[in-house]
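# Predicted structure and sequence below. I'll ask about it afterward.
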Amino acid sequence: MQPKRGASIEGFKASEKGKELRIEKHNTEYRVHRKGDSEVIVFDLQYTIRNGMEKYADGAQFYWPFFDRRNETDYGNMTITIVPLSPASDVMFIGYDSAEETGKVQPDGTVIFSLGEVRAGDNGDIRVVYEPSLFPAMTAVDGDIRSAVKKDQEIAAMLRQEFIENQKVMGTVGGVSVAAGILGVGLIGFFANVRRKNMSRKRTIKWNRMVSTFQ
């Protein structure tokens, strides 16, 4: 777990059904130890991110890379929940890469990213912006942040629309190709059937003539 510049991870814990598991830390790598055979297990990870937010004139941002290409473990069902210190109403959010289109805001401003299965080596960043008034103790830096998030949202929506349109075009072309293939097979079948009928007619005529000859 690589914290971004200026931030840190503290109090990392892992537990399974309420039982705390042993943790081994090597630089930014955390290893959870548990005895057992090869099996599917479910465990909870808890940790505190220090200095993980930035405050701007128009919003306080939490922008965090929860996993990237360096991750060597598959996650069977990942859910990331961002809970504000107090109820929020002016919330913006976006997920990148594997987290794209997985977020949903709740009435109290909590944002839940339901990623489901995440493969080792996948990238996934999440970004949430709240009202700056919720974090009075933070010092704001110069500039705004909401316009940058909105731009990323618009770009993501545009790319999704382009992908959908391309899929429609590919589907149409594929449908025409399949139809042409069926037509081709149908014509071949028709010609083959006609040829079989002609051959059968010729054989019948020849056989009748042979019978006539023997009579």
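All right, it came through fine. None of the values given here were measured: they were computed from a predicted structure.

# can I see the domain layout of the chain?
If you go by automatic domain parsing, the domain ranges for the chain are 1-51, 53-144.

# looking at these, which is buried most?
Burial of those is given as mean neighbour count (mean count of other C-beta atoms under 10 Å); domain 53-144 ranks first at a mean of 16. Placement of C-beta: from N, CA and C, glycine included.

# I'd like the average pLDDT over that domain.
Mean pLDDT, domain 53-144: 92.

# ends of it, how far apart?
14 Å (C-alpha to C-alpha, to the nearest Å).

# any idea how far it is from the chain center?
Counting by C-alpha atoms, centre = their mean, to the nearest Å, domain 53-144 is centred 15 Å from the centre of its parent chain.

# Same list (the domains of the chain) but as CSV, adding distance to L159.
What follows is the domains of the chain, written out as CSV (distance: least, C-beta to C-beta, whole Å):
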stretch, distance to L159
domain 1-51, 24
domain 53-144, 9
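
# To E154, which of the ones you listed lies closest?
In terms of C-beta to C-beta, the element of these nearest to E154 is domain 53-144, at 10.3 Å.

# K25 versus the residue most central in space within the chain, what's the distance?
For the chain, the residue nearest the mean C-alpha position is S98 (4.0 Å; C-alpha atoms, centre = their mean). Going from S98 to K25 by C-beta to C-beta, to the nearest Å gives 25 Å.

# try D152
33 Å.

# What ranges does the protein have for its strands?
Ranges of strands within the chain are 8-16, 19-20, 22-26, 29-33, 44-50, 53-55, 60-67, 75-82, 92-97, 103-105, 111-118, 124-130, based on DSSP state E.

# what's in contact with the last one?
Spelled out, it's strand 124-130. Applying C-beta atoms under 8 Å, 6 or more residues apart in numbering, the external contacts of strand 124-130 come out as 59-68, 80, 82, 84, 88, 90-99, 103, 109, 111, 113, 115, 118, 145-146, 149, 152.

# cool, the second one as well?
Contact with strand 19-20 is made by K13, A14, as judged by C-beta under 8 Å, 6+ apart.

# strands paired with it, and their directions?
Here strand 19-20 is paired, per DSSP bridges, with strand 8-16 (antiparallel).
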